[in-house]
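In: Structure for this input, please:
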Amino acid sequence: MEAGELDVVERALAIEHEAVYAYGVVGGVLDPGTAEAGRALDGYEAHRARRDRLEDVVQELGSEPTPAEPGYVLPAPVTDVDSAARLARRVEDRSAVAYAQLVGSSVGDVRAVAVDWLTDAATRGLSWGASPTAFPGLRPVTS
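Out: A predicted model of the protein is given here:
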């Protein structure tokens, strides 16, 4: 375990709690049976599984996972396909940042899983219309 790994895992867990909530909102405004609704369900299930895995990792590191909040403030109202897609892109972008940080601060199985999750977040973001980036999850360093 690298120094600070628990903090980074906890931050990733917090992002996953938000992602599960957000994908519930996204799915709630989409017409059932559409491609967008299918992507929302896939995103919800993926983030729920990651949340559960991160809770396990927190416990393996000797701590108790922080539970989800009862609700989260969204950046904008979600009322249609376009606003749902914007929220989904935001979720995947924030997730990619959390996973990139996890890759940089973990070792072994946790790092390997974080790499897979980072790749998936980038791909899932693209499916919602995000612009491709050279290094998903990494932010430019400013002085």
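In: Could you use CA atoms for every contact and neighbour count after this?
Out: Noted.
In: which secondary structure element contains the most centrally placed residue in the chain?
Out: Centroid check for the chain by Cα atoms, centre = their mean gives residue 95 as the closest residue, at 3.2 Å. Using DSSP states H and E, residue 95 sits within helix 81-105.
In: Go through that helix and flag the buried ones.
Out: For helix 81-105, a neighbour-count test (16 or more other Cα atoms under 10 Å) marks 81, 84-103, 105 as buried.
In: Using CSV, write out the CA atom coordinates for whatever helix or strand comes next after it.
Out: Next helix or strand after helix 81-105 toward the C-terminus (DSSP H and E): helix 108-127. The C-alpha trace of helix 108-127 is given here as CSV (Å, rounded to 0.1, in the frame of the first residue of the first chain):
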residue,chain,number,x,y,z
GLY,A,108,-1.2,-4.4,-7.2
ASP,A,109,-4.8,-5.4,-7.8
VAL,A,110,-6.2,-2.0,-6.8
ARG,A,111,-4.0,-0.3,-9.4
ALA,A,112,-4.9,-2.8,-12.1
VAL,A,113,-8.6,-2.4,-11.4
ALA,A,114,-8.3,1.4,-11.4
VAL,A,115,-6.6,1.3,-14.8
ASP,A,116,-9.5,-0.7,-16.2
TRP,A,117,-12.0,1.7,-14.6
LEU,A,118,-10.2,4.7,-16.0
THR,A,119,-10.3,3.2,-19.5
ASP,A,120,-14.0,2.5,-19.1
ALA,A,121,-14.8,6.0,-17.8
ALA,A,122,-13.1,7.5,-20.8
THR,A,123,-15.0,5.2,-23.2
ARG,A,124,-18.3,5.6,-21.4
GLY,A,125,-17.8,9.4,-21.5
LEU,A,126,-17.3,9.2,-25.3
SER,A,127,-20.5,7.3,-25.7
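In: How about residues contacting helix 108-127?
Out: 43, 88-89, 92-93, 95-96, 99-100, 102-105, 132, 136-137 (Cα atoms under 8 Å, 6 or more residues apart in numbering).
In: likewise stretch 45-58?
Out: So stretch 45-58 is contacted by 6, 9, 10, 12, 13, 16, 17, 19, 20, 64, 65 (Cα under 8 Å, 6+ apart).
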